[in-house]
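Novice: Provided below for reference: sequence and predicted model.
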Amino acid sequence: MSGPNFALYYAGDAYSTAAKIMGRQSAGKALMKGVARRWPTDEVHGFGHNRKAGTAMARQLTGDGHSGTVRWRTAPGDAVLEQLGAVYYPAPVTEEMAHARNTLGPTSYSLFGVTHTLSSDSAMEGLGRMILAPFQAWDGLICTSAVALSVAQRLQAEMREWQIEHIGATRFNTPAMKIIPLGVDVPACARTPDQIAAARAALGLRPDDVVFLFAGRLLFHAKANPAIYYRAVEAAQARVGQPIVCIEAGVYPNDKVAEGYRHARAELAPSVRFIEVDGAVEADYDRAWKAADVFTSLSDNIQETFGLTPVEAMAAGLPALVSDWNGYKDTVRDGIDGIRVPTVAPAPGSGAGADLAARHALGQDTFDFFIGRVSMATVVEFDPLVEAIVALSSDPALRRRMGEAGAARAREVFDWPVILDRYCDFAADLGELRRAAAALKPRHRLQIPLRPDPFALFQDHPTRHLGDDWTVRVRPLDARGLDRFLDLNMVQYIVDDACLPEAALRAVLAEAGRTDHTVASLLAAVGRTPASQRALMWLLKLDILRAQP
């Protein structure tokens with residue numbers, strides 16, 4: 001089969017940085033470019049809830065260089081999804097998605113998603129509930145790091161234990177989980193000597209300046225608290241002969257936070273030159289990347305799940321100075337692609353954070369306060385950080401060697417076409433599990449719980465119910481016929497391709513006028529579907545048709 005063996009669930013928010021510049025959106029935007037690069041002329045299937053999303057997906061892929069065909073599948077799907085075998089969701093798969101799939105049959109196709117933040121209440125709840133219905137063992141979760149996998153496994157173990165203890169549950173659906181990192185658009189990150197020189201000149205940098213770049217959200221409570229970095233770079237500046245310049249490229253959420261950064265720099269690193277770059281201005285942000293000698297990200301926050309920027313730095317040929325934290329442990333090889341600075345946190349089981357979790361769960365603290373308080377109990381060790389800054393500032397050969405190693409690793413491991421091939425392998429593994437399950441028991445359809453057919457749930461509302469043996473007759477219409485009613489917004493608003501196609505209305509009316517019918521024979525003639533039944537009721541409601549016992 002040419003093209004990916006899975007359909008992509010498409011929602012513009014997940015694949016664009018136009019409205020929000022965060023890791024999830026940046027990864028999704030680069031993923032779409034990766035699809036266009038990996039399958040430039042092949043058929044790609046999209047999946048979603050309306051045609052507008054499908055049009056937007058095709059437009060984005062075309063803009064990224066894709067010249068193949070984009071096929072759109074509307075939720076919950078059709079036989080084509082069974083042939084493909086899987087749907088990719090750009091986050092952990094939601095219960096609603098699994099319920100919708102199950103209406104076609106639990107073994108109709110697999111669903112797999114990917115971890116992003118793991119610390120929000122909704123993320124933890126979603127990961128924990130993946131062991132329960134409506135998910136199946138052939139649904140999957142891509143964990144972007146070893147730490148992400150361990151977090152997901154702990155949450156699911158806790159949910160399993162709670163269900164056993166409190167309701168005596170005995171059966172669970174453990175999703176397939178696999179560690180696959182996020183990718184980056186490696187060619188887009190590359191730098192040339194001319195670009196580097198032009199960027200440094202534009203920023204007023206001297207040839208002997210050693211430039212350390214932080215790029216990302218400038219939010220000390222939710223990304224990386226830079227206080228220890230400012231202290232360390234001040235200490236390192238006193239020990240090296242070259243001037244150290246620190247670029248901080250990103251977006252402040254408000255003026256108060258911006259002033260907090262500026263005050264801390266002046267207080268903790270008065271001898272170091274800092275350059276602020278507005279991350280919302282693409283040309284300026286790109287210039288900051290081009291001008292750097294070292295990339296740094298000393299994350300101390302549980303909201304950090306993978307960390308795209310160190311991988312982008314590797315792709316740009318920059319050595320990465322990072323904290324030994326979460327996904328950074330998997331991406332940056334200490335002493336090879338960069339330096340990982342040790343971190344320290346309270347011991348598990350010490351009880352140091354149980355009250356913080358409870359306060360957030362009870363609404364006493366916002367999510368921002370929760371993660372901020374946790375980050376202030378996380379230590380990035382000072383002395384190793386100073387030594388790392390000194391080493392990278394003093395040794396151009398070390399910077400070059402680490403940068404070259406990182407660039408090679410990015411091309412071989414983290415380029416999106418490489419990652420997408422691993423997604424295809426994972427989808428194929430899920431397909432084997434699904435087919436084995438389908439062979440053991442017959443396919444069946446599942447209704448979404450607490451969302452029954454409204455005509456069943458509210459069956460006692462009407463005086464009586466339409467019977468299959470009722471006789472159907474056509475009422476006289478004027479010369480405009482059905483069009484007279486289709487021009488009325490108050491009855492036309494529900495006519496659409498998905499739930500009530502105009503073609504169904506015309507087919508039912510035409511067949512009713514062709515010969516005498518009962519309700520059963522009329523619906524049999526046009527094909528008894530939910531849409532044709534609703535079309536019949538629409539025509540009865542407007543007295544275009546009449547049905548009598």
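Specialist: Done, it's in. All values reported here derive from a predicted model rather than from experimental measurement. Numbers count the residues shown, from 1 in each chain.

Novice: Can you tell me how far Asp460 is from Phe306?
Specialist: For Asp460, the distance to Phe306 equals 52 Å [Cβ to Cβ, to the nearest Å]. Yep, even glycine has a C-beta here, placed from its N, CA and C like the rest.

Novice: When these two are compared, which one has more neighbours?
Specialist: For Asp460 versus Phe306, neighbours defined as other Cβ atoms under 10 Å are more numerous around Phe306 (26 against 5).

Novice: Going along the chain, name the helices of the stretch 301-450 of the chain.
Specialist: Remark: helices assigned in the stretch 301-450 of the chain by DSSP state H, counting those that start in this stretch are 308-315, 328-331, 354-361, 367-375, 382-394, 396-409, 416-440.

Novice: can I get those in TSV with distance to Phe274, mean pLDDT and mean neighbour count?
Specialist: Below are those laid out as TSV (distance: least, Cβ to Cβ, whole Å; pLDDT from 0 to 100; neighbours: other Cβ atoms under 10 Å):
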stretch	distance to Phe274	mean pLDDT	mean neighbour count
helix 308-315	18	97	27
helix 328-331	23	96	23
helix 354-361	32	92	14
helix 367-375	21	93	19
helix 382-394	14	98	19
helix 396-409	20	98	17
helix 416-440	33	95	17
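
Novice: Ok, which of those comes nearest Ile302?
Specialist: Proximity to Ile302 (Cβ to Cβ) singles out helix 367-375 among those, at 5.5 Å.

Novice: between that closest one and helix 354-361, how many degrees?
Specialist: 170 degrees (axes from the mean of the first three to the mean of the last three Cα atoms, to 10 degrees).

Novice: quick one: contacts of helix 367-375?
Specialist: 119-121, 221-222, 225, 300-303, 353, 356-357, 359-360, 365 (Cβ atoms under 8 Å, 6 or more residues apart in numbering).

Novice: which residues does Pro348 contact?
Specialist: Pro348 neighbours (Cβ under 8 Å, 6+ apart): none.

Novice: Extract the C-alpha trace of stretch 527-536 and format it as CSV.
Specialist: Extracted C-alpha coordinates of stretch 527-536, given in CSV (Å, rounded to 0.1, in the frame of the first residue of the first chain):
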residue,chain,number,x,y,z
GLY,A,527,-33.0,1.6,1.8
ARG,A,528,-33.9,1.6,5.5
THR,A,529,-31.2,3.8,7.1
PRO,A,530,-31.4,6.3,10.0
ALA,A,531,-31.2,9.1,7.4
SER,A,532,-34.1,7.7,5.3
GLN,A,533,-36.2,7.3,8.5
ARG,A,534,-35.5,10.9,9.5
ALA,A,535,-36.3,12.0,5.9
LEU,A,536,-39.7,10.3,6.2
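
Novice: Could you pull out the buried residues of it?
Specialist: 531-536 (16 or more other Cβ atoms under 10 Å).

Novice: how much space is there between the residue nearest to Asp365 when sequence neighbours are not counted and Gly128?
Specialist: With Cβ to Cβ, 6 or more residues apart in numbering as the criterion, Asp365 has its nearest non-adjacent residue at 4.4 Å, and that residue is Arg359. For Arg359, the distance to Gly128 equals 20 Å [Cβ to Cβ].

Novice: Gln195 contacts Lys290, correct?
Specialist: Yes: judged on Cβ atoms under 8 Å, Gln195 makes contact with Lys290 at a distance of 4.8 Å.

Novice: more neighbours, these two?
Specialist: Lys290 (20 against 15).

Novice: Determine the three-state secondary structure at Tyr229.
Specialist: The three-state label for Tyr229, taken from DSSP: H, G, I helix; E, B strand; the rest coil, comes out as helix.

Novice: so who does it touch?
Specialist: 214, 296, 298, 380, 385.

Novice: One more pass at 10 Å, please.
Specialist: 212, 214, 246, 248, 264, 268-269, 296-298, 321, 323, 341, 380, 382, 385, 389 (Cβ atoms under 10 Å, 6 or more residues apart in numbering).

Novice: Out of the helices of the stretch 301-450 of the chain, the one nearest Ala512 is which?
Specialist: Short answer: helix 416-440, nearest of these by Cβ to Cβ, at 40.4 Å.

Novice: Past the closest one, which element shows up next along the chain?
Specialist: Using DSSP states H and E, the helix or strand that follows helix 416-440 in sequence is helix 454-457.

Novice: Which residues does that next one contact?
Specialist: Outside helix 454-457, the residues that reach it (Cβ under 10 Å, 6+ apart) are 447, 450-451, 461-462, 465-466, 533, 537.

Novice: how far out from the middle of the chain is it?
Specialist: Put simply, helix 454-457 sits 35 Å off its chain's centre (Cα atoms, centre = their mean, to the nearest Å).

Novice: likewise stretch 360-375?
Specialist: Its chain's C-alpha centre and that of stretch 360-375 lie 23 Å apart, by Cα atoms, centre = their mean.

Novice: on that earlier part again, tell me how far the residue nearest to Asp365 lies from Gly353.
Specialist: 10 Å.

Novice: what does Arg160 give?
Specialist: 22 Å.

Novice: which of the residues in whatever helix or strand Ala98 lives in are buried?
Specialist: Taking DSSP H and E as the definition, Ala98 sits inside helix 95-104. For helix 95-104, burial by neighbour count (16+ other Cβ under 10 Å) applies to 95, 97-104.
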